[in-house]
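1. Requesting a structural model of the entry that follows:
(one chain, ligands or ions: 1)
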Amino acid sequence: MSILEQIKSELPWLDDKVSFDLTRGKPSVDQLNITQKNFKLIEIPFEMDGIDLRNYGNPEGIPSARTLGAQILSTEFDETIALDNSSLTIMQQLVSCAYHLGFPKSKLSEKTKFLCPVPGYDRHFKLLENFGVEMIAMPFQDDGPDVNVISDLISKDDDISGIVCVPRHSNPTGHVYSDQNVKEIFELIANKKRNFMVLWDNAYACHDFRDTINQTPVMKLADEYELKDNLFIVGSTSKITLAGSGLAFFASSELNISKFIEYRNSLTPGPNKLNQGMHVNYFKKSSLQSQMESLKEVILPKFELVEKYLDELKIDGFCDYIQPSGGYFISYESSNSKAEQIIEHCSKLGLKLLPVGSCFPYQKDPKNSNIRIAPTFPNLENLERCMEIFSKVVKKLN
Ligand SMILES: Cc1ncc(COP(=O)(O)O)c(C=O)c1O
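-> Okay, here's the model as predicted:
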């Protein structure tokens, strides 16, 4: 009997109609319903901060939404702007602005190379690839990107002028950068500050579901190394309120912000201020902290469930993984370079996972070992079935 046939015979509910998807870090319906319930109680504001929200204008966002962004990102109001949904869009526009116009201390060209800690976020890598930026994959240490490797790489190659970071509950590894790690990175970059872009994607800034270390606001650390003009922080409420209809934020030096607004003035006459007003009122009714607590109640049991299966596989020596303290992902490391086979077998049994190599620049996983697991979207019952399939596939292949 083939492995697939064996598994089908062992899981009586597994028929050809089964279709599960653990590819993307999407909020579940239950999470979205928490937000919808509170949103329903809010009247649409047409005026706020003395601004007519119905009209064009305010390319930097309304003050109350900027205050919300500064709270989420731990940044200063003057250095934070509030825009439309999707921080990824902002990041694309930042790279585009750096490429076509240049920021005072960040100019991209066809020669530019970026450091990419791996495994990382697939859409970051696609974005950089689209601009022809050469990506250099590099490893993590326990508390952030590997500083010795950064030191070695940048000392050898003058064209390295950027790094992309997810500093809290990194996608997918869950790394949380320590202050010491960030300081050491900044010390190395300080020598290159005439042209260096630090893309700091704080997508999971307030998404702790277990005890997590405190981090000093990164702008403060950047200031100590005179790197504020090199630091480009983004974040959003996508995983706080509604993934497709939230607000995204950008924080940097005031110099960079004015350059970016000037650039964006050719893209849009202003952000959606009604949605900004709605979000401001939302967080008057339900504090950020209580919102995250409610989401944690839905999310944490899903991580615990996945970890129960992975712990068993880890004890058997089939994999390694580190229990995350927040965020949206678990990074599975196959001990025997079997990622591609595992993904293929799961797919044939109705469980979709990201293709092998997705978390690496140019989709190249050198060890054929990494699989990103995104547990949030399915309900608990379906997630359990996903993990039954996954764990049986791993066991049979080993
Ligand atoms: C690290 C990271 N950045 C950005 C995003 C997308 O965020 P947004 O919805 O704000 O574009 C995600 C979504 O999974 C992510 O994991």
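
2. who does F20 bridge with?
-> For F20, the beta-bridge partners are L351 (DSSP bridges).

3. so what's it up against?
-> When contacts are counted by Cβ atoms under 8 Å, 6 or more residues apart in numbering, F20 touches G350, L351, K352, P378, N382, R385, C386, I389. Backbone N, C-alpha and C define where each C-beta goes, glycine included.

4. Buried ones from those, can you make that a PyMOL selection?
-> The following PyMOL selection, which keeps only the buried ones among the contacts of F20, applies the criterion 16 or more other Cβ atoms under 10 Å:
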select buried, resi 350+351+378+385+386+389
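
5. gap between D142 and the ligand?
-> Using Cβ to the nearest ligand atom, to the nearest Å, one gets 20 Å for the distance from D142 to the ligand.

6. Nearest residue to that residue in space, please, no chain neighbours.
-> Here the nearest residue to D142 in space, its sequence neighbours aside, is H175; by Cβ to Cβ, 6 or more residues apart in numbering that works out to 8.0 Å.

7. looking at this, the one you found is in a strand?
-> No. The assignment for H175 by DSSP: H, G, I helix; E, B strand; the rest coil gives coil, which leaves it out of any strand.

8. Which parts of the stretch 201-350 of the chain are strands?
-> Secondary structure of the stretch 201-350 of the chain, counting by DSSP state E, counting those that start in this stretch: strands at 231-236, 248-251, 319-320, 330-334.

9. closest to F77 out of those?
-> If you check each of the strands of the stretch 201-350 of the chain against F77 by Cβ to Cβ, strand 248-251 wins as the nearest, at 9.7 Å.

10. Please enumerate residues in contact with the closest one?
-> Strand 248-251 is contacted by residues 66, 69-70, 72-73, 75-76, 79-87, 89-90, 94, 219, 232-238, 257, 260 when judged by Cβ under 8 Å, 6+ apart.

11. And stretch 325-333, what's buried?
-> By neighbour count, with 16+ other Cβ under 10 Å as the criterion, the buried positions of stretch 325-333 are S325, G326, G327, Y328, F329, I330, S331, Y332, E333.

12. Actually, stretch 347-359.
-> For stretch 347-359, burial by neighbour count (16+ other Cβ under 10 Å) applies to L349, G350, L351, L353, L354, P355, V356, G357, S358, C359.

13. rewinding a little: so what's the residue nearest to D142 scoring on pLDDT?
-> pLDDT, H175: 98.

14. was I right about it contacting F140?
-> Yes. Counting by Cβ atoms under 8 Å, a contact exists between H175 and F140, whose distance comes to 5.4 Å.

15. intersection of neighbour lists for the two?
-> Residues touching both H175 and F140 by Cβ under 8 Å, 6+ apart: P117.

16. Counting neighbours, go ahead and name the busier of those two.
-> Just comparing H175 and F140: by other Cβ atoms under 10 Å the higher neighbour count belongs to H175, 27 against 20.

17. Spit out the contact partners of the more buried one.
-> Taking Cβ under 8 Å, 6+ apart, we find H175 in contact with P117, F140, D142, D143, G144, V166, H169.

18. Need the residues you listed in a markdown table (columns: secondary structure, pLDDT and distance to N58).
-> Output for the contacts of H175, formatted as a markdown table (DSSP: H, G, I helix; E, B strand; the rest coil; pLDDT from 0 to 100; distance: Cβ to Cβ, whole Å):
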| residue | secondary structure | pLDDT | distance to N58 |
| --- | --- | --- | --- |
| P117 | strand | 98 | 36 |
| F140 | strand | 98 | 39 |
| D142 | coil | 98 | 43 |
| D143 | coil | 98 | 39 |
| G144 | strand | 98 | 36 |
| V166 | coil | 98 | 29 |
| H169 | coil | 98 | 31 |
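
19. Just the closest of those residues to L32, please.
-> Closest approach between the contacts of H175 and L32, by Cβ to Cβ: H169, at 20.0 Å.

20. And the closest one, how far from T212?
-> Taking Cβ to Cβ, to the nearest Å as the measure, H169 falls 8 Å from T212.

21. Break this protein into its domains for me.
-> When the chain is parsed into structural domains using automatic domain parsing, the resulting residue ranges are 3-33+290-397, 47-286.

22. deepest of these, which one?
-> Comparing these on average neighbours per residue, with mean count of other Cβ atoms under 10 Å, the densest one is domain 47-286 at a mean of 19.

23. Rebuild the domains of the chain as TSV, extending it with distance to L41.
-> As requested, the domains of the chain are arranged in TSV below (distance: least, Cβ to Cβ, whole Å):
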stretch	distance to L41
domain 3-33+290-397	14
domain 47-286	6
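
24. and F39, which of the ones you listed is closest to it?
-> F39 lies closest, by Cβ to Cβ, to one member of these: domain 47-286, at 6.3 Å.

25. Output the longest helix belonging to this structure.
-> Ranked by number of residues, the top helix in the chain under DSSP state H is helix 288-315.

26. Check whether that one comes near the ligand.
-> No. Under the criterion of Cβ under 6 Å from any ligand atom, helix 288-315 makes no contact with the ligand; the nearest approach is 13.6 Å.

27. Off-centre distance for that helix?
-> Between the centre of helix 288-315 and the centre of its host chain there is 17 Å, according to Cα atoms, centre = their mean, to the nearest Å.
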